[in-house]
Every structure is written in structure tokens, then in C-alpha cells.
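Trainee: No sequence on hand, only this structure:
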């Protein structure tokens, strides 16, 4: 079952090529770098395709998210984008005056449909089929699915797109206490996810508005000058408050002291929200409790945009040469650069090393292109940003050696080929 | 990397429950069974959500497709649904008079967008960035991505949906000969895919219309009374012709004899099409050939709807009790039914067997529900349709035995628990 044959990934076959420049209308750093390096393609403002390299990064991010959300009991589904307006009218979220970023469309019979910008309404209706008693609760349902939001301006690259993947998790519980318990678990899962995606150290739990139904919600904010948010951060306590809600009263309440706070621009990479009965009441998602009483199911919502997360990682991890992927979500683990000579033995040796790495489960992008000069290969490799570049040239190979360049520190070391696998495995096992 | 912890899947936790009946407006057998068994949920006519069990089946189908398409050189990407009308105007496919199943929507600034019903136009534009010379060809690009089609009627369940996943592969070659070569490879990959999905024996390569640019296209048609197509089949030669194109002239040309043909209703599960320069010419996707001449890139398109494939499997593999999944795409490999007694040792033993199976990589759905009678568990298991039911009752367990029911043949055998793993592994290794 599922034993996929290993596919060779040689750069001579990879359809994308790097670009020195891209169209000048793209002003965001993340999209500029991702477009130049061949990870994404821009269809129009706020709408991007994932190309081979970009899809690999996205799949790794989604894998990390799935692992963490499954651990806390999440059950994965996949809902439609097309939305039936009747359920959105019940929660008063259909009108364009109230929700200003709907994309709407029509069936042949002229009836209006929406394109989902979130999924509380359809999921609450769906769950009415499966929840009737307290014995059916708690339940935690999530999906990684496309959302559509008709943003007036879309100028932050893949960080604020009009069409984007979102991981949305919803909790269904029988009481506020049960919600609170799960909320804390979800918080920890989110911390783990950002840690594993390589931005844990600069991502902060942030108090934000709770709307009309909860005192606060929480955002996860990653410090970056490209951010659209402003937070006040207590670095010692690893806790922040969004400027939107910061008052003396709030600071008192959450135990932060104004004099310990620094103002930072930041990117919201996730948010968690106690919705209580905001959606279950109008949609009549009820259950019979132990005491025989009918009560509305208590809901929470927990969102991460994997595309925005990818854009954020690129914003905070790059240099003049290009992207610097964290090892957890790099498209490949090794970028093998074969420096061609007229000696066929070099190519044979490079192939042998490539095969050995692959057989040991190392993901290798092999730059085997013959007509490309070494300088261009180095340029491309720095732009693409795989953490380890493995440079195979004739002189070193003849001595049984190879060169490794660490993308992050730009450190270059020459090691024996016999030690290569161990060095790579140790790097990725940390 | 990617070592996901194994998640226990107990039916007491699974959020879906089976239904005896579903709303009477659903007339298709595939959607009826999939809805009753908890694989899908119907949002509206032609629009379905995948629930946990359904998503597992879909992921297996997609895994089979990816493996085969990667083998023939496919590179996976993920394109947007939102479509820029300018490129569709160039190919004369924007007008609702010409393409009658567009869903269209609007940006805030009132400019019109489409929701992709296919992706030749945007992909041809994208590839202009990466194709300039014959040296860049051939390339094979695919995605598994949501399509939107505004069907006037949607009454075939998940076989003709308004929103559905599609695997669309496109080939880019420098000549018709190169296209022909790849076309044959794609044909074989498709045969392999349908074989692996358990419908190979009743799925036939079928000559169909080639449009204005090719003599024929090929469809893969699965024999089923639920089908919307009619084909004429030569069973000995495993070859068919779609009624739409069957004339004496065509039969002569493709070497089929009318007297060997039988009429069958069938479901189109895949199609492959030589598009030649139909899209590359209007979109100016050109390359410089070896002779220095500028030429349009020659394209082919190759589609499979994984959702329709899932619906087809259900249409052709069911009985009065429910679905009968083929082993290759079953949501789980074993449905473990614990028949409760007051003896706690039974539960302990069932847990032990469950853990052993999981540790050996067998996918188990464990019906551990305490308040459900044995008869209901059997009913559910037959409806859900996992190939092997493992029935653990006190009497057998005390004798070191367990009962296995094969869903397909309904054969029941009692085997020693010590032989269980071997029996299961042999069943799935065939």
C-alpha cells in the first residue's frame, strides 16, 4: 500500500526557471522572491498559482499542520466553496453591507451563490446531522481548503490573497468550560506548528478583540516590517497585545505593564476564537444535555493560512541573494550542484552520490544542467534557498571530497564524500 | 521528516453516523449510498462535501493518480480557480454563448472574473514564461484542483457535480509525433489508474470526437446502467466507440466490425485529447525549433475526475446492504467490530488486536461503540463497505479465534488470532 516509487528530480527537467526580474507591479518581497525563484506564478493581483517548488513547501506546511491538529483530535473533511445563501442569511452574514468581501455568483436559474470566505455556517448545518446529545460531544472538525475573499486591495503578495488555502478548525463542545479546555490545547498546537515551520522564536501569542461574544481572541503574530498589524510586545513574557484593543484597562486585565512593551509591526499567521453560540443559535445546532435540557452547541474557530505562513517565512528569512528556507519546510533538503567538466567520471560520480542520498530518504534537487555555468548555478541555488548546497566539482571529487554550503550562514566546508550522508542526516535530525 | 504519529481511529470518536434514509431529492445511487454511509454531505444539488471517510477514499485515489502521472514525467502544480477573462477572450471561450457552463463573479472594481472549468488558457500563459526553445520541451504539467461547472441539471450525484476535484494533465511538445508518443504513455497510465482503482475490467478505451483539431479523442468508459453515455463495445478487443461518433466510416477507420459490437450504457471516467495548436496559437505559446523557426507548442490534455471515479466505483460495486470498496481505495483495510460482553477481558483483547494491526501498518476502523447492538454494527459495516470485517466476540476470543467476513463475497471464516495478521496481509498484497 502506498509505496510510491521515488521520482528523480533533476533541474534539467524541472519546468520552472529562475528570473532576474519580475513585473514591477509586484511590490511585496515575499511574492517577488517566490516568483523569481519559480515557486509561484501571479494570475492577477491577489491570485497566485503554486508551481512545483511552491507546492512542495505547501505540502510540508500542511503536513505539519495535519500532524498537530490530528494529535488534538481533529477530524479532517473537505467542504465545498459554493455556498447556499439561506444559511448565511440566518446568521446575518449574507448581505454585502455586513460582509464586504464576498465573491458571489449565480446558478443558471439565477439563484445566488457565494464563494466561501469561511465555513462556520455550512459546517454548523452539516453537524446538525450528527450532533443531538451531549454524548456526541466534543467534536473537532477541520479542513485545508480554498477560501475566496474579495479584498479591495491586494498588495501583500501571498500574505493577503483573494483566493488562498486555509486550515480552518472548528470545535463543538457542550459547555464553555469544555471549550476553554480545548482552546488551550489548540493554542499549544499552534505554538508547535509555528515552531516546526521555523518561525517559532519570532511569533507571539497576542491578545486581540473577542468580538461581541468573547472577551478576547488570540492571534499569533510574527514580527516583520512587512506586517499589516501593530502589536505591543512583552519580550520577556513572550506575550503581546494588538494595538486595536490596547487600553489601560485591557493591560490591567491581562497582566501586562505598559513600560515593558515595545511596538512592533507584525503579520497575523494564525488566530483562535471562542465563538460560543454565535453561529449555533441562529442555525439551531442544539443538543440535549445530561440534565435533559436543549442547549446550543458551543463553538470555537481556529485558523491558519498555509499560504500566508509560507509568505511570512519568506519575508522574515531572506537576504540579498534570495530565500533561506528553514529545514522543516524546505522544498528539498539538498541542492546538488554538479559543476561540469569534460571528464565523464565526474558525472558518473555525481549520479552515484545523488542515488545514494535518494536511497537514504534525502530529498535532492539535482542541478544536472549541462549548458549552465557554475556561477549561474550558484545564483539559482541561493535564490531558491535550499538549506544545504552540495557542490560537486572535479578537483574535490578526485580527492574523494565534496563541498557543502550552508545557505543560512553562507559557511562553506569541504568534507569527505564518505561522511556526506552522516553530515546531512545530522543536520536534518536536530 | 514526515514521521506522522499514528492516530487511533475509533468509531466512537468518528463524527459521522450512518443513516437509514436520506432526503428524497437525491436520486443517484452513488450519492445515496455515500450520504447514508457518511462519506459525503450534500450542500445543494451538484455540490458535495467530503467527510472523513470520503476524504480518505479521495486521498487514496489521488495517490494512485499521482504515482502513475509522476511515472510518465508529470510535474504537479496547483492553479487558481479565479480566472482572468482576457486570456479566455483570446481563445474565444469567454462568452456564455460559446461556453454555457461558466460560473462568473466580479471584483470590487466591477471587473469580471470566471471560476475555472478547465485550465488550458491560464496554463498556456504561465508556460510562456518557461518555454522558448525546443530544448525546453517536452513538458508535462498536472494538478489535482477544484473545477466549477454551472450544469443546468445535476442529478448524477458526485458523477456530474457543479464543483468537483479534477486531475488535469497537459502535455507541451514540439511536434505532433512527440505528442503522439506521450499520448500513448498517458493512455497506458490511465489504464493502470483504473485497474488500481478496481474498475479496470469494466472500463474500456473508447473512440470519441476529436473536435475540429484531431481525428479522435479517447474516453475511458466504465460500463454502468447509471451512465449518461452510450458506447458500442467489442468485448474481445476491449475497445469501444462512443455512439456520438459511430458511423460506418469511423468503424472502418478504427477497424471495428459492427456485428461484434454490443450497446452499453457507460460512465466517462477519463478522457485524453490531442489539442494540437488550438490553445497555443491564440495565446502565442511558441518556441524556436531546431531549424530556427518559430512554431506553436503542441498541446494535449488528459483529465480524470477523482470524485466521479469514486462515484463510479460505488455505482458498480454495491449490493442491498451497501458499498463494496475495492481493496485499493477502501477508506480503511479492516473494520474491527467488537461485540461487547460484560467481560472486560474481551475489550482488553480487542484493544490488543487493534494495536497489533495498527503497528503492522494495517489501517483499522475500530467499532468500539458500547451502546450499539451487534446487529447495528453489522448493518453499519455492510453499508460502509470495508473489504474485511473482523468480528471479535467473547466466545471466539476465549478459544483464541476470531471471525472474518469478506464484504464482497459475504463469506465468513473463523481463524486463529495468531493467523490474523498473515491473512490480512496476504489479502492486501495480491
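Mentor: In hand now; what should we look at? All of these numbers come straight from a predicted model, not from anything done at the bench.

Trainee: Quick one: name the residues of the stretch 101-250 of chain A near chain B.
Mentor: A:103-108, A:113, A:115, A:122, A:126-127, A:129-130, A:136, A:139, A:141, A:146, A:148, A:150-152, A:162-163 (Cβ under 8 Å from any Cβ of the partner chain). C-beta here means a position set from N, CA and C on the backbone, and glycine is covered the same way.

Trainee: Inside strands: which ones of those?
Mentor: When these are checked against strands (DSSP state E), the matches are A:103, A:104, A:105, A:106, A:113, A:115, A:139, A:141, A:146, A:148, A:163.

Trainee: Filter the residues you listed down to just the buried residues.
Mentor: With neighbours counted by 16 or more other Cβ atoms under 10 Å in any protein chain shown, these contain buried members at A:103, A:104, A:105, A:113, A:115, A:139, A:141, A:146, A:148, A:163.

Trainee: Would you mind confirming that the first one is in contact with residue B:103?
Mentor: By that I understand residue A:103. No - contact between residue A:103 and residue B:103 fails when scored by Cβ atoms under 8 Å: they sit 10.0 Å apart.

Trainee: all helices for the stretch 101-250 of chain A, in order.
Mentor: For the stretch 101-250 of chain A, the helices defined by DSSP state H, counting those that start in this stretch occupy A:120-127, A:176-196, A:248-254.

Trainee: Throw those helices into JSON lines and include mean neighbour count and mean pLDDT, thanks.
Mentor: Below are the helices of the stretch 101-250 of chain A laid out as JSON lines (neighbours: other Cβ atoms under 10 Å in any protein chain shown; pLDDT from 0 to 100):
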{"stretch": "helix A:120-127", "mean neighbour count": "23", "mean pLDDT": "98"}
{"stretch": "helix A:176-196", "mean neighbour count": "18", "mean pLDDT": "98"}
{"stretch": "helix A:248-254", "mean neighbour count": "13", "mean pLDDT": "94"}
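
Trainee: Looking at those, which is nearest to residue B:262?
Mentor: helix A:120-127 (43.1 Å; Cβ to Cβ).

Trainee: by contact count, what packs against the closest one?
Mentor: strand A:82-84, helix A:85-90, strand A:139-148, strand A:163-173, strand A:298-304 (3 or more Cβ pairs under 8 Å, 6 or more residues apart in numbering or on different chains; DSSP states H and E).

Trainee: What strand or helix carries residue A:349?
Mentor: Assigning secondary structure by DSSP states H and E places residue A:349 in helix A:344-359.

Trainee: could you redo the helices and strands packed on helix A:120-127 as JSON lines and give each row distance to residue B:340?
Mentor: Formatted as JSON lines, the helices and strands packed on helix A:120-127 follow (distance: least, Cβ to Cβ, whole Å):
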{"stretch": "strand A:82-84", "distance to residue B:340": "40"}
{"stretch": "helix A:85-90", "distance to residue B:340": "39"}
{"stretch": "strand A:139-148", "distance to residue B:340": "23"}
{"stretch": "strand A:163-173", "distance to residue B:340": "27"}
{"stretch": "strand A:298-304", "distance to residue B:340": "31"}
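
Trainee: Quick one: those as CSV, columns for mean pLDDT and distance to residue A:339 too.
Mentor: Formatted as CSV, the helices and strands packed on helix A:120-127 follow (pLDDT from 0 to 100; distance: least, Cβ to Cβ, whole Å):
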stretch, mean pLDDT, distance to residue A:339
strand A:82-84, 98, 52
helix A:85-90, 98, 59
strand A:139-148, 98, 40
strand A:163-173, 98, 38
strand A:298-304, 98, 41
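
Trainee: Of the ones you listed, which is nearest residue B:184?
Mentor: Set against residue B:184 and scored by Cβ to Cβ, the helices and strands packed on helix A:120-127 come closest in strand A:139-148, at 34.4 Å.

Trainee: Could you report the neighbour count for the residue of the stretch 201-350 of chain A found nearest chain B?
Mentor: Scanning the stretch 201-350 of chain A for the residue nearest chain B gives residue A:333, at 7.7 Å (criterion: Cβ to the nearest Cβ). If you count neighbours by other Cβ atoms under 10 Å in any protein chain shown, residue A:333 ends up with 22.

Trainee: Please tell me I have it right and it contacts residue A:358.
Mentor: No - using Cβ under 8 Å, residue A:333 is not in contact with residue A:358, being 10.6 Å away.

Trainee: Residues that sit against both of these two, list them.
Mentor: Applying Cβ atoms under 8 Å, 6 or more residues apart in numbering or on different chains, one finds that residue A:333 and residue A:358 are jointly contacted by residue A:364.

Trainee: now the lengthiest strand in chain A, how far from the centre of its chain.
Mentor: The longest strand of chain A (DSSP E) is strand A:262-276. Remark: strand A:262-276 is offset 15 Å from the chain centroid, using Cα atoms, centre = their mean, to the nearest Å.

Trainee: Okay, buried residues for it please.
Mentor: For strand A:262-276, by 16+ other Cβ under 10 Å, it's A:264, A:266, A:267, A:268, A:269, A:270, A:271, A:272, A:273, A:274, A:275, A:276.

Trainee: Which ones, among those, also lie beside chain B?
Mentor: Okay, of those, nothing touches chain B (Cβ under 8 Å from any Cβ).

Trainee: got the residues you listed as JSON lines, with pLDDT columns?
Mentor: Shown next, in JSON lines, are the buried residues of strand A:262-276 (pLDDT from 0 to 100):
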{"residue": "A:264", "pLDDT": "98"}
{"residue": "A:266", "pLDDT": "97"}
{"residue": "A:267", "pLDDT": "96"}
{"residue": "A:268", "pLDDT": "96"}
{"residue": "A:269", "pLDDT": "97"}
{"residue": "A:270", "pLDDT": "97"}
{"residue": "A:271", "pLDDT": "97"}
{"residue": "A:272", "pLDDT": "97"}
{"residue": "A:273", "pLDDT": "95"}
{"residue": "A:274", "pLDDT": "97"}
{"residue": "A:275", "pLDDT": "96"}
{"residue": "A:276", "pLDDT": "96"}
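
Trainee: Considering these, which is situated nearest to residue A:319?
Mentor: For those, the nearest to residue A:319 is residue A:267 (18.8 Å; Cβ to Cβ).

Trainee: wait, that closest one sits on residue A:312?
Mentor: Yes - in this structure residue A:267 lies within contact range of residue A:312 using Cβ under 8 Å: 4.9 Å.
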